[in-house]
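S.K.: Got a predicted structure here, sequence first:
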Amino acid sequence: MIRRDAARALTIGALAAWAFVAACRREPPVAGFWYESHASFTLPGGDATRIGGPLTPGELQSIERSSRDEVVRAFAGFRLTITHRRDALWTVAVRPDIPGRSVLPGAGASVALAPLGGSGAVDFDVLADLAVQFAPAGASRADVVAAIGRGVGRAAVHELAHQILGTSLIHNAADLDSYEYPTADRASQYYGTLHWTTAGPALVRRFGTTGPGAPPRG
């Protein structure tokens, strides 16, 4: 009787473990995106003067919302969930700046750890400054604020793609309007519409797609 009960318990335990693993496989993997708490996000240099004053708390909230919307939109066709979780497999934090960079500052940096995930950050100062510099003639303050949010979100998308796929599959210098373009130093990062190119098929292979509006398999 004891042996039979033990065997039954082992069987139930194995079935429960199998059900747990199966459920996990059905759940999309998770990426984390957030703004560093208690950080001071301001416009660098003379940018505040150029657009009529420092960013207000309401404008900063708008920038955070729109940047998150950009990240969610970019990965909407893939089985990947964007959250605020800092323990996610892939993470990007928005910081006022990224210390320890070279003399020529970049908009973001990441460390990719293959199957272990990755972590990275994007530089608010650099991206906000470029959004102001690339503002078209006649752009309103609201236009520039919206552009900062787009630029930050799209830089985060680029960094997440680095972590997920690695450098070799992410850069595409031939398409100025792609998420894979190597730098954020371009007008379309802030005022245009971006799309996936070389990384799209690789992301489909990595995550699968979620519906008819998903990116093409290439």
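M.R.: Alright, I've got the coordinates.

S.K.: How much space separates the closest residue to residue 70 other than its chain neighbours from residue 45?
M.R.: In space, and not counting its chain neighbours, residue 70 is closest to residue 153: 2.7 Å by C-beta to C-beta, 6 or more residues apart in numbering. In this view, the C-beta of every residue, glycine as well, is placed from N, C-alpha and C. Distance, residue 153 to residue 45, using C-beta to C-beta, to the nearest Å: 22 Å.

S.K.: Neighbour count for those two, which is higher?
M.R.: More neighbours surround residue 153 than the other of residue 153 and residue 45, with 29 against 11 (other C-beta atoms under 10 Å).

S.K.: okay, now residue 138: neighbour count?
M.R.: Neighbours of residue 138 (other C-beta under 10 Å): 6.

S.K.: In a helix, it, correct?
M.R.: No - the assignment for residue 138, made by DSSP: H, G, I helix; E, B strand; the rest coil, is coil rather than a helix.

S.K.: Let me know the pLDDT of it.
M.R.: For residue 138, the pLDDT comes out at 95.

S.K.: ok, now residue 22?
M.R.: Looking at residue 22, its pLDDT stands at 38.

S.K.: what's the answer for residue 72, then?
M.R.: 98.

S.K.: Quick one: residues contacting it.
M.R.: Residue 72 makes contact with residue 82, according to C-beta atoms under 8 Å, 6 or more residues apart in numbering.
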